[in-house]
Structures are given as structure tokens and as C-alpha cells.
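**Student:** build me a model:
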Amino acid sequence: MPALPGLQDLPPWAAHLCLRVESFLTGVFPETLDGRPVVLAVSGGLDSIALAVIFQALSRRLGCSLTIAHMDHGLRVESGQDAVFVDVFCSEAGLSCQSVRRDVRALAQSWKAGIEDAGRRARYEWLEEVRQQRGAACVVTAHHLDDLAEDQLLRLIRGAGWPALGGMRAWDGARRVLRPLLMTRKAELRHLLEDLGLPWREDASNQDPAYARNRVRADILPLLTRENSDYLGAAAELWRQARLDEIHWNDAMLGVSTIPPEDGGPVFLPDTTLHSSSQALRLRLYKRAVEAAGPGQALAGQLHNLDEAWRKRLTGKIIQFPGGKEARVERDGISFAASLPSNPPISVDTGLPRR
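**Tutor:** Got it, this is the predicted structure:
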């Protein structure tokens, strides 16, 4: 396996690609690395090997050291070979590598979750362990523009609202996860590895139609690309607009109410806040209050039903949400909780007492 090149050793087009990634990264990552390590999630597939190549080329400019983290999910007979491939790749490239094997199928049964959800949860929990062990600034994943387009379509299919329809964040501060390739097309990553003569592993499960993401990738996305040859460019613009609108709505919510972080505690939105807010703002306040009450997605239909009940003054009306949470219309506002306590929940309005 050829040694990984520095930025100055790359062909001009590849060096330009790396610099575009650096520009995007510095625009979304709110901190400076200042010599801290970063953890790269590397499966051995095309995307993650390209991520390692790009970060190795940029490491001196970014001022960071790299730790490669690989998880074997134990779902395929050849997954152990993937782990060996990553270990050899890191050894020959002079990169630090940490790997682990998890029985994701057993975890899915234990957690009563789907295989994909269990794999994702196990992976991110372990990556966070590695990040903390290494004192790393963040975990870096290889999600790229094609993945983003697929994610947008999956969110549309599942009924996500705006601006969540814009797709995954480039910087997830809560989980310390950075996705610097979101504006980079998979074709560019393939070109990079082919031009450098670097190998990668293919995961056969990526072709399995049992998974919704694979069906979107194989069936739906090609149809949209046929209608618009630059559909990926349109997906990038949708993402940019969503991020701007997300900032706007977050600022608007902070202007009328302070809702605590997700701690499972009760939340109360008083009428004084709700009357001063547009319906669009109220729906977003409801969503944030539901999320603060504990895990479980707030569906759009339930949020609209809650707003209608509040507007009609249906005192005592309860709207159920996934995760065992509920919202109740009260005489002077709306209560949100996993299980409503006998004592009144604390008001989260900014400085306004509950009547």
C-alpha cells in the first residue's frame, strides 16, 4: 500500500479538494484544534479511507494528530477482514489505530431496537469513549454530499419538518461529531483513491434492499438525478438554507422562552409566551419542550393537534408523544412531561410568572 501523501505531494486537483474540505470545516467547527487529536471513524470503505487521506494531508495545517477508530459490528462473516484491512492500512500509513468488536445483533435484541439503530448507537457510544480516552477535540465521520441527499429524502419520507428536512448537521456539538465532507461528492472521493492507487473495502450490506437507506440510494436518488443532473448541488443548497433558518428559529425561541436541556424534567409554556408567538414559532416551542421532556420524536401531526387544542382552550386535553411523553393544556398554558407530576412544573418563560 503506498504511503499517504502530504498536501504538497498531491496532484493539484486533489490538493484543491483537500483545501475545500478545510475551508468548509473551519466554517462549521466553532473551535480551533490547537494541537489536540481528532478521532476518525474509519470502516475501511471508500468514504472513510478517503477521509483518512484528506485529514492526513491537512493535519499539519489543522494542527491536529489523528486517531483511527474502527468498530466491527459482527454482522457479516467478512467483517473481521475489514478490521484487519484497517489495521494494516493504519500500520503502513503510520497512523494510530484503536478497534473493537461489538455483537450488534445481540445489542439490538437487548435494546429492542432495529439492527441499524443499534449499530449506530453502539458505534457512536464507543467513538465517544475513544474521544474521551484520547482527549480528542471531536469525532470525525465520512458522511458526504451523496449521504446528505439520501438523508434529506429519508427525512422527507418519515415526515420531518423544516428546517430538519435540510439533513444532518456538519457539526453536532452535543455529541462532538464533525462531518467535514458534507459538501463533497462521493465521486470526488472515489477519484482521489483511484488516482493515488489506494485500496478500500466494499460492504455488501450497502446493497441490501432490506434497508430503507439502500432503497433510497439505489432507486429514488437516481430518478431525481435523471430529472436534475445537478440534484446533489440542489441538496447542498437546501442544506445551506436549512442551516440559516435553523439559526433564525433558534434565536427566535431564545427571544421568548428558555427551555432547559433534555433532562427528562417537566416543562411549562405559559399563555403569555404562546400568545406573543406566531403559530410557526409556537410549533417549534412545542417541539423543543417535548424534546426537553425526554427521548422520543415529536411528530408534526401531534404538534398541530396540540396547537389546535390550545387555541380552542380545551383545558385538560392531553396529547401523547412517543417515548411515554405527553402535553396537557392547562388553564394558563401547556405542561410537558414524561409522566405529569402532581406538583406544578416549573415555568420556563423568561422572567414572567405563571398565573
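**Student:** any chance you could map the strands in the stretch 151-300 of the chain?
**Tutor:** Residue ranges of the strands in the stretch 151-300 of the chain, as given by DSSP state E, counting those that start in this stretch, are 171-172, 177-178, 267-270.
**Student:** excluding sequence neighbours, find me the nearest residue to residue 180.
**Tutor:** residue 25 (4.1 Å; CB to CB, 6 or more residues apart in numbering). Every residue, glycine included, has its C-beta placed from N, CA and C.
**Student:** pretty sure that neighbour contacts residue 179?
**Tutor:** No: using CB atoms under 8 Å, residue 25 is not in contact with residue 179, being 9.4 Å away.
**Student:** one step back: show me the contacts for the residue nearest to residue 180.
**Tutor:** 62, 178, 180 (CB atoms under 8 Å, 6 or more residues apart in numbering).
**Student:** wait, residue 207 sits on residue 214?
**Tutor:** Yes: under the criterion of CB under 8 Å, residue 207 makes contact with residue 214 at 6.5 Å.
**Student:** what is the burial count for the closest residue to residue 179 other than its chain neighbours?
**Tutor:** Nearest residue to residue 179 in three dimensions, chain neighbours excluded: residue 143, at 4.5 Å (CB to CB, 6+ apart). By other CB atoms under 10 Å, 24 other residues sit near residue 143.
**Student:** with distance to residue 289 and neighbour count added, can I get the contacts of residue 25 in JSON lines?
**Tutor:** JSON lines is the format used below for those (distance: CB to CB, whole Å; neighbours: other CB atoms under 10 Å):
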{"residue": "62", "distance to residue 289": "39", "neighbour count": "22"}
{"residue": "178", "distance to residue 289": "28", "neighbour count": "25"}
{"residue": "180", "distance to residue 289": "33", "neighbour count": "30"}
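**Student:** distance to residue 147 and pLDDT added to those, as JSON lines?
**Tutor:** As requested, the contacts of residue 25 are exported to JSON lines (distance: CB to CB, whole Å; pLDDT from 0 to 100):
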{"residue": "62", "distance to residue 147": "22", "pLDDT": "93"}
{"residue": "178", "distance to residue 147": "14", "pLDDT": "98"}
{"residue": "180", "distance to residue 147": "13", "pLDDT": "98"}
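**Student:** nearest to residue 313 among the residues you listed?
**Tutor:** The nearest member of those to residue 313, counting by CB to CB, is residue 178 at 46.2 Å.
**Student:** wait, the closest one touches residue 138, no?
**Tutor:** Yes: in this structure residue 178 lies within contact range of residue 138 using CB under 8 Å: 4.6 Å.
**Student:** who touches both of those two?
**Tutor:** Joint contacts of residue 178 and residue 138 (CB under 8 Å, 6+ apart) are 29, 38.
**Student:** surely the residue nearest to residue 179 forms part of a helix?
**Tutor:** No: under DSSP: H, G, I helix; E, B strand; the rest coil, residue 143 sits outside any helix and is assigned coil.
**Student:** and residue 53, what does it touch?
**Tutor:** 4, 5, 192, 193, 196, 198.
**Student:** and for residue 188?
**Tutor:** Residue 188 sits next to residue 17 when contact means CB under 8 Å, 6+ apart.
**Student:** what does residue 103 give?
**Tutor:** By CB under 8 Å, 6+ apart, the contact set of residue 103 is residue 74.
**Student:** for it, give its distance to residue 80.
**Tutor:** When distance is defined by CB to CB, to the nearest Å, residue 103 is 13 Å away from residue 80.
**Student:** which helix or which strand is home to the closest residue to residue 193 other than its chain neighbours?
**Tutor:** Nearest in space to residue 193, with sequence neighbours left out and distances taken as CB to CB, 6+ apart, is residue 50 at 5.7 Å. Under the criterion of DSSP states H and E, residue 50 resides in helix 46-62.
**Student:** which positions in the next helix or strand after that helix come out as buried?
**Tutor:** Remark: after helix 46-62, the chain's next helix or strand is strand 65-72, criterion DSSP H and E. For strand 65-72, the neighbour count (16 or more other CB atoms under 10 Å) marks 66, 67, 68, 69, 70, 71, 72 as buried.
**Student:** quick one, strand 65-72 and helix 46-62 angle?
**Tutor:** Strand 65-72 runs at 160 degrees relative to helix 46-62, counting by axes from the mean of the first three to the mean of the last three CA atoms, to 10 degrees.
**Student:** quick check: what element follows strand 65-72 along the chain?
**Tutor:** Note on strand 65-72: by DSSP H and E, the next helix or strand toward the C-terminus is helix 79-93.
**Student:** packing partners for that following helix?
**Tutor:** helix 46-62, strand 65-72, strand 96-101 (3 or more CB pairs under 8 Å, 6 or more residues apart in numbering; DSSP states H and E).
**Student:** and these as a markdown table, adding distance to residue 123?
**Tutor:** Listed next are those as a markdown table, based on distance: least, CB to CB, whole Å:
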| stretch | distance to residue 123 |
| --- | --- |
| helix 46-62 | 12 |
| strand 65-72 | 5 |
| strand 96-101 | 10 |
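**Student:** quick one, which of those gets closest to residue 127.
**Tutor:** Among these, strand 65-72 sits nearest to residue 127 (CB to CB), with 5.7 Å.
**Student:** what pairs with that closest one, parallel or antiparallel?
**Tutor:** strand 37-41 (parallel), strand 96-101 (parallel) (DSSP bridges).
**Student:** and of these, who's closest to residue 54?
**Tutor:** Taking the strands paired with strand 65-72 one by one with CB to CB, strand 37-41 is closest: 9.8 Å.
**Student:** alright, calling it a day.
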